[in-house]
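Trainee: Following is a predicted model, sequence given first.
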Amino acid sequence: MSLTLTQFLSWSLVTVIIWVQSFSGTNSTFPGYSSQLKQLLSLSQRHLNYFAFASDAGKLLGFISGLAASHFPGLDWLVLLIGSILGLIGYGLQYLAIKFHITFLLSFWSFLVLSFIAGHSICWMNTVCLVFIQKFKSNHQVAAGIITSYQGLSTKIYTDIVHVVSSAPGKRAQHYLLLNAILPMIVCVIFIANVVALKIDAVGLGEPRNMRVAFLLMFVITIFTGAYSIISSSLSIKILPWVNATVIGLFLLAPLTVIPIVEKVREKSNGDLGRMEKEGEDDKETQVVVREEIVVVREEIGWKLMLQRLNFWLYIVVYFLGPTIGLIFLNNLGQIVESRGYAGTAFVPLSSSFGFFGRLIPSFIDYYIRHKISRPALVAILMVPEAAAFILLLSSANTSLFISTAIIGTCTGAISSIAISITAELFGTVNFPVNHNIMVANIPLGSLVFGQLASHVYHKEGVLSGDGKCIGMECYRSTFILWGSLCCLGFFIALVLYARTRKFYSQ
């Protein structure tokens with residue numbers, strides 16, 4: 001059976017969704033230029049944290065994009081376009097302000113508002129990806145892990161491109177902001193072109209053929225992508241910037257080859273693989289039937305009713321004390337590594353690479369040991385190494401920062417990926433875009449509370465240099481103790497959530 005144009009376009013739309021995720025994590029690039037922005041705008045550490053908070057605060061209005069996606073399912077391209085335009089405005093005006101020294105835009109309040117707009121833009125782009133993931137009924141967690149894992153790669157991608165186009169380190173903040181503004185728009189245009197070519201919307205596409213074999217190939221591609229990302233981000237490995245950017249670009253194009261390879265194998269296997277896939281399709285149909293029976297028993301919960309459920313509040317507190325703290329650590333990573341004597345961007349690509357692998361881990365677990373461990377139990381397990389990583393940061397050894405950054409990036413990415421499926425399973429898929437955006441609205445609160453506590457300790461402890469930089473282990477020692485303790489508390493609350501949902505997941 002030969003590959004048709006529709007089949008190729010169908011899979012290319014999956015690839016474009018991966019690209020959307022790869023370039024939508026623009027707020028994760030903040031540690032890469034935060035130190036330079038602090039110097040350019042003459043900011044204190046506390047003011048710099050307000051920018052990080054403003055970017056995260058955009059999630060407070062994320063439910064708007066969820067409502068738009070729920071009420072206009074045929075206009076996913078428009079939801080993505082709105083997000084791209086908001087990002088173009090938020091990051092683009094910041095770039096112009098620095099590039100051309102536009103006085104009124106260089107003020108603290110102007111940058112604060114623009115950071116909020118830029119952060120809110122990500123909600124619209126992520127919503128399209130989350131809705132798209134929901135159509136993989138029989139491979140939901142696998143699709144969620146593979147697709148969302150690429151958002152963990154955003155920092156690595158942007159950093160590699162910046163190192164290619166920016167020969168002067170002093171201008172890297174400008175280039176980060178410019179790329180944050182234009183690259184999501186370019187990907188949005190490609191997405192719209194695919195939708196127009198297929199004459200359907202992403203939600204109405206239906207699950208592409210050959211997913212059983214295709215997912216295996218995607219695992220291989222993502223493993224090699226993550227492995228190269230970690231190797232090239234290692235402090236001991238020096239690779240030319242243009243080589244890094246080229247190789248990562250080829251990995252991003254690789255998913256386009258999946259379906260053509262599958263079809264070629266089908267032709268040369270004399271029908272053997274076809275029979276295997278037929279059996280796989282039968283299994284998938286059975287899984288769908290079982291899943292539909294569970295949905296009938298499980299109530300589809302709207303956001304008002306969700307807010308009245310104890311499981312929701314346990315769930316959101318676990319997220320608040322786990323991945324949210326991890327994200328705050330990553331937002332402050334530039335200043336953390338500077339306080340320990342490294343370059344501000346030294347560990348940023350590394351954290352991105354491990355975050356990529358972390359988001360992929362649940363897919364491996366779901367694919368190979370599905371139903372043997374519930375997702376709340378897996379979240380509880382992941383909280384343990386994250387808490388240990390913060391305690392490890394109290395050591396002044398060089399390797400402790402490397403290991404802890406890798407662990408926190410991995411655990412934060414993994415729990416963020418698992419959370420997508422937990423929201424859909426506990427509260428249903430009908431109102432999923434709104435419900436999940438409400439759930440992640442805890443991140444701005446964590447950014448404000450934990451970020452400001454960290455900046456307070458930063459100024460109180462250690463030795464402040466003439467440019468306001470804190471040098472020494474004491475800059476974040478108390479912060480790491482607090483964050484590690486809160487992760488331990490989150491572990492016990494995760495156990496409570498696991499106990500309350502154990503019967504549900506046993507089905």
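Mentor: Now that the structure is in, tell me what you want to look at. Numbers count the residues shown, from 1 in each chain.

Trainee: use CA for all of it now, contacts and neighbours both
Mentor: Will do.

Trainee: Let me know the distance separating residue 504 from residue 63.
Mentor: 27 Å (CA to CA, to the nearest Å).

Trainee: And those two? Which one has more around it.
Mentor: Higher neighbour count among residue 504 and residue 63: residue 63, with 23 against 14, using other CA atoms under 10 Å.

Trainee: That one and residue 436, how far apart?
Mentor: From residue 63 to residue 436 the distance is 8 Å (CA to CA).

Trainee: which ones are touching residue 311?
Mentor: Applying CA atoms under 8 Å, 6 or more residues apart in numbering to residue 311 gives the contacts 497, 500.

Trainee: Could you check how far it is from residue 495?
Mentor: Noted for residue 311: a distance of 12 Å to residue 495, by CA to CA.

Trainee: for residue 356, same thing?
Mentor: Separation of residue 356 from residue 495 (CA to CA): 26 Å.

Trainee: same thing with residue 64?
Mentor: As judged by CA to CA, residue 64 and residue 495 stand 32 Å apart.

Trainee: re the thing from before, between residue 356 and residue 495, which one's more packed in?
Mentor: More crowded of residue 356 and residue 495, by other CA under 10 Å: residue 356, with 35 against 19.

Trainee: what's the distance between the residue most central in space within the chain and residue 107?
Mentor: Note on the chain: the residue nearest the mean C-alpha position is residue 151, at 4.1 Å, using CA atoms, centre = their mean. Relative to residue 107, residue 151 is positioned 30 Å away (CA to CA).

Trainee: ok, then the element right after the helix or strand bottoming out on mean pLDDT in the chain?
Mentor: When the helices and strands of the chain are scored by mean pLDDT, DSSP states H and E, helix 272-297 comes last with a mean of 46. Per DSSP states H and E, the first helix or strand lying C-terminal to helix 272-297 is helix 303-306.

Trainee: Who are the packing partners of that following helix?
Mentor: When contacts are defined as 3 or more CA pairs under 8 Å, 6 or more residues apart in numbering; DSSP states H and E, helix 303-306 sits against helix 432-439.

Trainee: Pull out the buried residues from the following helix or strand past the helix it packs on.
Mentor: Next helix or strand after helix 432-439 toward the C-terminus (DSSP H and E): helix 442-460. Neighbour counts over helix 442-460 (16 or more other CA atoms under 10 Å) mark 442-448, 450-459 as buried.

Trainee: Residue 152 contacts residue 350, correct?
Mentor: No: using CA atoms under 8 Å, residue 152 is not in contact with residue 350, being 10.6 Å away.

Trainee: Have a look at the two and say which one is more surrounded.
Mentor: Neighbour tally, residue 152 and residue 350, criterion other CA under 10 Å: the higher count belongs to residue 152, 32 against 25.

Trainee: Could you check how far the residue nearest to that one when sequence neighbours are not counted is from residue 409?
Mentor: Once flanking residues are discounted, residue 152 sits nearest to residue 356: 4.3 Å by CA to CA, 6 or more residues apart in numbering. For residue 356, the distance to residue 409 equals 8 Å [CA to CA].

Trainee: Can you give me the neighbour number for residue 251?
Mentor: 16.

Trainee: residues touching it, list them.
Mentor: Contacts here follow CA under 8 Å, 6+ apart; on that basis residue 251 touches 221, 225.

Trainee: Can you point out the buried residues in the helix or strand containing it?
Mentor: Using DSSP H and E, residue 251 sits within helix 241-253. Of all the residues in helix 241-253, those buried under the rule 16+ other CA under 10 Å are 241, 244, 245, 248, 251, 252.

Trainee: Check stretch 232-243 too.
Mentor: Applying 16+ other CA under 10 Å to stretch 232-243 flags 232, 233, 234, 241 as buried.

Trainee: now for it, what's the gap between its first and last residues?
Mentor: One end of stretch 232-243 to the other measures 10 Å (CA to CA).

Trainee: before we move on, which element is the nearest residue to residue 403 once chain neighbours are set aside in?
Mentor: Spatially, and ignoring its direct neighbours in sequence, residue 403 is nearest to residue 389 (7.6 Å; CA to CA, 6+ apart). Secondary structure assignment for residue 389, by DSSP H and E: helix 375-392.

Trainee: packing partners for that helix?
Mentor: Helix 375-392 is packed against helix 398-427, helix 477-506, with contacts defined by 3+ CA pairs under 8 Å, 6+ apart.

Trainee: Mind doing that once more with 10 Å?
Mentor: helix 310-320, helix 323-331, helix 348-369, helix 398-427, helix 477-506 (3 or more CA pairs under 10 Å, 6 or more residues apart in numbering; DSSP states H and E).

Trainee: Any chance of CSV for those helices, columns distance to residue 14 and mean pLDDT?
Mentor: Compiled in CSV, the helices and strands packed on helix 375-392 are given as follows (distance: least, CA to CA, whole Å; pLDDT from 0 to 100):
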stretch, distance to residue 14, mean pLDDT
helix 310-320, 28, 94
helix 323-331, 26, 91
helix 348-369, 16, 78
helix 398-427, 17, 90
helix 477-506, 29, 93
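
Trainee: Same list, these, but as a markdown table with distance to residue 77 please.
Mentor: Conversion of these to a markdown table gives the following (distance: least, CA to CA, whole Å):
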| stretch | distance to residue 77 |
| --- | --- |
| helix 310-320 | 30 |
| helix 323-331 | 28 |
| helix 348-369 | 25 |
| helix 398-427 | 21 |
| helix 477-506 | 35 |
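
Trainee: so which of the ones you listed comes closest to residue 18?
Mentor: Among the helices and strands packed on helix 375-392, the nearest to residue 18 by CA to CA is helix 348-369 (12.3 Å).

Trainee: Sort out which residues of that closest one are buried, please.
Mentor: Going by 16+ other CA under 10 Å, helix 348-369 has these buried residues: 348-366.

Trainee: report the angle between the axes of it and helix 398-427?
Mentor: Helix 348-369 and helix 398-427 are oriented at 50 degrees to each other (axes from the mean of the first three to the mean of the last three CA atoms, to 10 degrees).

Trainee: Run through the neighbouring helices and strands of helix 348-369.
Mentor: Partner elements for helix 348-369 (3+ CA pairs under 10 Å, 6+ apart): helix 30-40, helix 140-149, helix 154-165, helix 211-233, helix 323-331, helix 333-339, helix 375-392, helix 398-427.

Trainee: 7 Å instead, please
Mentor: In terms of contacts (3 or more CA pairs under 7 Å, 6 or more residues apart in numbering; DSSP states H and E), helix 348-369 is packed against helix 140-149, helix 154-165, helix 211-233, helix 398-427.

Trainee: the inter-axis angle of it versus helix 154-165?
Mentor: Here helix 348-369 points in a direction 140 degrees away from that of helix 154-165 (the same axes, to 10 degrees).

Trainee: ok, and what's touching helix 348-369?
Mentor: 31-32, 141-142, 145-146, 148-150, 152-153, 155-156, 159, 226, 229-230, 233-234, 333, 405-406, 409-414, 417-418 (CA atoms under 7 Å, 6 or more residues apart in numbering).

Trainee: related to what we said a few turns ago, which of the buried residues of stretch 232-243 scores worst on pLDDT?
Mentor: For those, the minimum pLDDT belongs to residue 234; the value there is 72.

Trainee: roughly how far is stretch 214-230 from the heart of the chain?
Mentor: With CA atoms, centre = their mean, to the nearest Å as the basis, stretch 214-230 stands 17 Å off its chain's centre.

Trainee: buried stuff in it?
Mentor: Under the neighbour-count criterion of 16+ other CA under 10 Å, stretch 214-230 has 214-215, 217-219, 221-222, 225-230 buried.

Trainee: Then stretch 166-185?
Mentor: Across stretch 166-185, burial judged by 16+ other CA under 10 Å covers 172-185.
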